[in-house]
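**Q** Compute the structure for the input listed below.
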Amino acid sequence: MSAHKDAGTLEVRVVGENMLRIELLGCKVDVTVCCRSARRRRAAICLQRGLLEVRTPPGWSLRRAAELLEGNVAWLEQQMRSGAVFVPSKEARTVEGKRFFAGAELPLYGTRARLRFGAHTASVERTGDGWWISLPCAADWPDAEIEPLLVRLLKREAERTFARLMVAWRPSDLPADLEIPFTLSNAKSRWGSCTRSGKIRLSWYLVFFHERLIEYVVAHEYAHLTHFDHSSRFWALLKKRMPDMEERRARLKVLGRMPLPFGA
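**A** Reported below is the predicted structural model:
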């Protein structure tokens, strides 16, 4: 996708399930596409703390978001020339022969996190200029030694996020004193499972996907506590609890056919 305007040429391409990357004035900048409110009727390009975001009404595709960006090239150029948009270092994009290097972009929650080394402790955090993954090792370590540190950190991050969503999406009709334990799994395509005794397992690989898709898996497994099958009653219950579940399910199916970035 490209747009030719007086302000210059804008290239837009898809780099994630809710992420576009624009190239303008010789710079590459990631743009998050999200729906923050089901009541929103018009899309808008927002700029906050140096990060670009397209906020859309429900049901908008990435192509429509790209067309909105293409129609606002002059404004985008003005923001980039003024320094209002954070532009990642060109040098940090690739290092020959390495997957994990300082500034490398890794998938996280449907967007991108940048990697940095030499931290006191391993951490995942969101700052004013986006997500960061920090590791307590040197950038010149071999990828084979860095990857286990990443996996261990992201499993911890997944567990924290899943625990929060298990509380947020817990059905109100469950007894308050009923414990619903969950554990992480290493499943690469079966994102969630539920036993007849009520134990839920969630694949840690979901941490790569947008939180809305993790919510779908959590709600799906909770529905199995009522209907331990995929009958019409099961889908009706899930639809009642999550009206846009078909959209989320379809997006998860698409992502499930793609290779996992690492840790597999």
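
**Q** Can you list the buried residues in stretch 122-132?
**A** 122, 124, 130-132 (16 or more other Cβ atoms under 10 Å). C-beta: built from backbone N, CA, C; applies to glycine.

**Q** now stretch 31-38
**A** For stretch 31-38, by 16+ other Cβ under 10 Å, it's 31-35.

**Q** Touching, residue 171 and residue 222? I think so.
**A** Yes - counting by Cβ atoms under 8 Å, residue 171 touches residue 222, with 5.6 Å between them.

**Q** Sketch out the helices for the stretch 1-150 of the chain, chain order is fine.
**A** For the stretch 1-150 of the chain, helices defined by DSSP state H, counting those that start in this stretch occupy the ranges 62-70, 73-81, 143-168.

**Q** Among those helices, which comes closest to residue 245?
**A** Between residue 245 and the helices of the stretch 1-150 of the chain, the tightest spacing by Cβ to Cβ is seen for helix 143-168, at 14.7 Å.

**Q** Mind listing what's buried along that closest one?
**A** Quick answer for helix 143-168 (16+ other Cβ under 10 Å): 146, 149-151, 153-159, 161-162, 165-166.

**Q** tell me the pLDDT at the residue nearest to residue 119 when sequence neighbours are not counted?
**A** Distances taken as Cβ to Cβ, 6 or more residues apart in numbering place residue 134 nearest to residue 119, at 3.7 Å, with adjacent residues excluded. As predicted, residue 134 sits at a pLDDT of 92.

**Q** Residue 134 touches residue 125, doesn't it?
**A** Yes - using Cβ under 8 Å, residue 134 is in contact with residue 125, at 7.4 Å.

**Q** Secondary structure element for residue 252, which one?
**A** In the assignment (DSSP states H and E), residue 252 maps to helix 245-256.

**Q** Next up, the contacts around residue 238.
**A** 219-220, 223, 245 (Cβ atoms under 8 Å, 6 or more residues apart in numbering).

**Q** Swap in 10 Å and give it another go.
**A** Taking Cβ atoms under 10 Å, 6 or more residues apart in numbering, we find residue 238 in contact with 216, 219-220, 222-224, 226-227, 230, 245-246, 249.

**Q** the helices in the stretch 151-264 of the chain, which residues?
**A** Going by DSSP H, counting those that start in this stretch, the stretch 151-264 of the chain shows helices at 211-223, 232-241, 245-256.

**Q** Could you say which of those helices is packed most deeply?
**A** helix 211-223 (a mean of 22; mean count of other Cβ atoms under 10 Å).

**Q** Please name every helix or strand in contact with that helix.
**A** With contacts taken as 3 or more Cβ pairs under 10 Å, 6 or more residues apart in numbering; DSSP states H and E, helix 211-223 sits against helix 143-168, strand 192-194, strand 200-203, helix 232-241, helix 245-256.

**Q** hmm, 6 Å instead?
**A** helix 143-168, strand 192-194, helix 232-241, helix 245-256 (3 or more Cβ pairs under 6 Å, 6 or more residues apart in numbering; DSSP states H and E).

**Q** what's the closest of these to residue 22?
**A** Nearest to residue 22, of these and by Cβ to Cβ, is helix 245-256 at 21.9 Å.

**Q** rewinding a little: to what extent is the residue nearest to residue 119 buried, counted in neighbours?
**A** Number of residues near residue 134 (other Cβ atoms under 10 Å) recorded here: 18.

**Q** With residue 63 instead?
**A** 12.

**Q** what bits of the stretch 1-150 of the chain have low per-residue confidence?
**A** 1-8, 48-50, 86-96 (pLDDT under 70).
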